Structures are given as C-alpha cells and as structure tokens.
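A.B. asks: what would the 3D arrangement of this be:
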Amino acid sequence: MKGPITQAASLLLCGSLFSAALLQAEEQPAAGTSSVTEATAEAPTDQATPALTPVALGAAPEADTTTLARTNQQLSQLIRQQDYQSAYQLAQPLLSLYEGDPSFDFYYAFSAAQLGYFNEALFGFERLSSNYPAVARYRLELARAYYYLGNHDAAEQEFSRVQSTNPPAQVRETIAQFLQRIQEQRLSVMPAWGGFVSASGGYDSNYNTATDLNEVDLLDGLLTARLSRDQRAKGSGYYQLRAQGSYISPLTQRSAIDLQLGASRKDNAADDLFDLDNLYASGGMRMVRGRHNLRLGGRYSHYWLGRDDLLSDLSANLEWNYQLASEWQSQTRLTLSSQDNKLNDDLDLLQAELQAGAAFSAGSLSAQFALVLATDDGEQEYQARDTQGINLSAQQLLNIHSSLYASLILRDYQFQGAFPADNLLAAGETRAEQMIQLVLGYGYTLLPALTLYTQASQVRYNSNLPLYEYDRTLLEAGINWTF
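C.D. replies: As a prediction, the model looks like this:
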C-alpha cells in the first residue's frame, strides 16, 4: 500500500533519535527504574573494532563463535556507517545460522527496519524484547516497527512502557512525538492505493459440486434413474488467477471514500463447462470517530460459468468496527443483496445477512470469529432458505518468513418451502442442509511484497435429500504479489 510520507515517517528514518549514543546519554534514570544505558548492553557497542576478515555477501560460513563474532563486527561497522543495505545483504542469508544471537538479531532487525522491511524487523525485536525485557533500546525499536506496520495500539503500549522508565530527555521528546502522531492518525484517514495479483494451480476433486451417487430414486422410490458420468462428481486439475486494485481518498481528516476493482478466473483442465469467471466493483464511504469505524458501501459482481452468463449480484452493506481494547475489536456487518440468476429465474433472490463477531491481535497471533444470520426472499419458497452459521479463522506468524493460517465455516440451511408436487426428485420434500468447510494453509514470504502459499480445503455438504450431498477437496499452491 502506497501513500504520502507523513511527518511521523521521518522521525526515526535513520534511527538517529534512538541511536546508541543518545541512549547512553549522561542523564541518569530515576531510582528504582531500569537504566536506559543498559539499552545497548546486548547490542554491539560503538568501540573501535580490529581489522576484519570479510565475509562474502550471500555466503554461508560454518556456525562457529569466531565467524559469528566477525560477522557482528562487520554489521556493527556497516550500521555505524549507515550502510543499511549492505548490512541487510550480509545478515539475511546468515539468518538460519545465527538467529537467536542477540547482537546478530539486533543488527539484522535494525537494518531491515531502516530499509522499510518492518515485517522482518518485527520478529527480531519481539524476540529481543521478550528475552531482555529490561533493555529499553529493543522495546523502542519494537514500538517503531509496530508503528510503521500500522499496529498503533501495540506501538503505543511499547512506547508508554519505555516512557515510564524516565529515559533521557531527547528520547522522551521523540516518544511524545510518536504518541501524538498515533492519536492524530486514529482520528484521520490517509490517502493510499494498493492491490494484489495472484496465480495458483491445484486439484479440485469435485469441480462441478455434484453427488457421487450412481443412481437416484424418482417418484418417491417408484422409479430409479442412473446418473451419467457428467452428472456425478468430477475431479480435475486447474489454474486460478486473481487481481484487485484499490484506492482510498480522504474527504476530511476523519472520512474517506474507497474503491476496489477486481477479477478472477478458475480454469479446469478436464473441460470448460464449469470454468468460473468473476468481475466485481465495490466502493464505500468510511468515517472514523474515536474508537468507532463506520463504513457504508456497495458492491456489484457478475459471474460466468463455462463462458455463459451465470448470475449478477448487487449489494449494499453497513459495517461498524469498535476498538474494545488494544488487542480486541468488535466487528458488525449488515448486508442487503439482490441476486439475478441468468440460468434459473426461480433462483432470483433478495437476501439480508447479519454478521457479528470480534477480532483479536497480539504479536504474531491474530484470530477472528463471527456469528452469521441470513434470510432469503424469493418467488419460489422451495429455493429460498434461512441460514445460521459461524466463521472462525486464525493466523500465526512462525518467523519473519513463515506463517500458518486456518479457517472453519459452519452453515445450517433450512429451506422455506417444499418442492412442488410435480417435482420428480423430491415432491413435497423440504430441504434441510448443513455445510462444513475447513481450510489449512502455509505462507512463505520471499520478499516483503511476494509470498508463496499452499493450502488444502475440505468441504462436506450434508442434506436430507441424498442428491444434494457432496464432498469436495481442493489442493492449491500459488504466489501472491502485493503492491
């Protein structure tokens, strides 16, 4: 996501205000507090270093203490010279060897932060702050990483912890500037644009979402019909492409409009009958009022199945997020939508849906849950349904490159009317169905904007009418580029 550089973005651009020299100022802390001069105790000092034997960039030397000390000395010199690019290039390929050494962790994370790679810096400073909680320098750098990643609540908490130890005057002044900017940004909306492009491939065990039954009963069991191969579940390899662009434009300091345009395509190798294409556009107006974040928006989507028109969907939504605490946020969303099915007019529906839940974020762990209630209004009641459900998801960052994610979707569908008496499959029957979808995935960040991922998805759809039951497994791997 791109945006103009604010005043706060220059506060520590070169780390000068939180430099070792500043933290080692002669001013002494108040009695009973940890000394701010200890902030550099686990980081290399500014003492002169002897001549060094160079370690080639990108090389992977043996993990012995002599080589580690030599590497740390080189990193110290490069950072004192403000050559952060060279320091980062030296440290990055050695991460698997020396990660966990406090001096190496500090130099690697600090050089990454100076280059704007705050996701990478975050892990190092989190580990250092956890292992050495009395070292103010590590906590200050952790707060800075949180700030530039947009986690203002966590940044405020860490800045306040250091501020309570009575650090030197210049450090207190810089912390005050950050805290002021955090408050201002909570009440403001900044212009920004961004987007992503994704390409993936995999295997879909049931791309036509059909039953695996060989035959079904007709006329309440009086007749039996055998299903053809094309009418039963079919598996295929596939590729999928996705792209989206977005823009936020402020109207006032605390309100903005946002726009999104996107498209996707899923192409099955077996045939073209169930290839799915989608185009969508959405937009809205958002307002920030203290801990309240409101958005009124709309969305239009159009789908093609096998290159034929499938359906269009037009919706309006109202979102309300409220910051309960530094780690918790309540989330509520009301959506009204109109679905126009191009293949079956009986599936033209109006739907109202309410989602209410909360999001949790603490360090490397984040999670969300929501309760879902929805109801349809259609001309044919046997095609309309009432829905109850639960959405659960979680993400765990394992290290600076790796993350795990999972989601669980549960739905209960109760259809509002019985099939007409002339329906051969289920005359007089009312459908009652349940759906369970589980997704497990792993992501690996190659570059700050480039991520590889692999995931597995399992869907189980149960029905009181066997014809509508199915299982579906998708295995997928792909790459995401964000900008």
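A.B. asks: and residue 258, how many neighbours does it have?
C.D. replies: By other C-beta atoms under 10 Å, 17 other residues sit near residue 258. Bear in mind the C-beta positions are built from the backbone N, C-alpha and C, glycine included.
A.B. asks: that one contacts residue 287, correct?
C.D. replies: No: Residue 258 is beyond contact range of residue 287, at 11.7 Å (criterion: C-beta atoms under 8 Å).
A.B. asks: overlap of the contact sets of the two?
C.D. replies: Common neighbours of residue 258 and residue 287 (criterion: C-beta atoms under 8 Å, 6 or more residues apart in numbering): residue 295.
A.B. asks: the strands in the stretch 351-483 of the chain, which residues?
C.D. replies: In the stretch 351-483 of the chain, the strands defined using DSSP state E, counting those that start in this stretch lie at 365-378, 385-397, 402-415, 432-447, 450-463, 470-482.
A.B. asks: show me this protein divided up by domain.
C.D. replies: 7-186, 192-482 (automatic domain parsing).
A.B. asks: okay, those in a markdown table with mean pLDDT next?
C.D. replies: Converted to a markdown table, the domains of the chain look like this (pLDDT from 0 to 100):
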| stretch | mean pLDDT |
| --- | --- |
| domain 7-186 | 72 |
| domain 192-482 | 93 |
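A.B. asks: ranking those by burial, who's on top?
C.D. replies: A comparison of the domains of the chain by mean neighbour count, using mean count of other C-beta atoms under 10 Å, puts domain 7-186 on top with a mean of 18.
A.B. asks: picking that back up, just send the strands of the stretch 351-483 of the chain back as a markdown table, with distance to residue 278 too.
C.D. replies: Listed next are those as a markdown table, based on distance: least, C-beta to C-beta, whole Å:
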| stretch | distance to residue 278 |
| --- | --- |
| strand 365-378 | 21 |
| strand 385-397 | 21 |
| strand 402-415 | 19 |
| strand 432-447 | 19 |
| strand 450-463 | 18 |
| strand 470-482 | 17 |
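A.B. asks: for residue 482, which non-adjacent residue is closest in space?
C.D. replies: Spatially, and ignoring its direct neighbours in sequence, residue 482 is nearest to residue 196 (4.6 Å; C-beta to C-beta, 6 or more residues apart in numbering).
A.B. asks: contacting residues for the one you found?
C.D. replies: The contact partners of residue 196, taken as C-beta under 8 Å, 6+ apart, are 242, 243, 244, 480, 481, 482, 483.
A.B. asks: go again with 7 Å.
C.D. replies: Counting by C-beta atoms under 7 Å, 6 or more residues apart in numbering, residue 196 touches 244, 480, 481, 482.
A.B. asks: how about it, secondary structure?
C.D. replies: strand (DSSP: H, G, I helix; E, B strand; the rest coil).
A.B. asks: excluding its backbone neighbours, what's nearest residue 100?
C.D. replies: Residue nearest to residue 100 in three dimensions, not counting chain neighbours: residue 127, with 7.6 Å by C-beta to C-beta, 6+ apart.
A.B. asks: I figured that neighbour hits residue 106, correct?
C.D. replies: No: with contact defined as C-beta atoms under 7 Å, residue 127 and residue 106 do not form a contacting pair (10.0 Å).
A.B. asks: the spatially most central residue of the chain pairs with what?
C.D. replies: Closest to where the C-alpha atoms of the chain average out (C-alpha atoms, centre = their mean) is residue 395, at 7.8 Å. Residue 395 forms beta bridges with residue 366, residue 405, as assigned by DSSP bridges.
A.B. asks: wait, isn't it in contact with residue 403?
C.D. replies: Yes: in this structure, residue 395 is within contact of residue 403 by C-beta under 7 Å, at 6.1 Å.
A.B. asks: quick check: longest helix in the chain by residues?
C.D. replies: Using DSSP state H to define each element, the chain has its longest helix at helix 169-186.
A.B. asks: same for it, what does it pack against?
C.D. replies: Helix 169-186 sits against helix 20-23, helix 152-163, with contacts defined as 3 or more C-beta pairs under 7 Å, 6 or more residues apart in numbering; DSSP states H and E.
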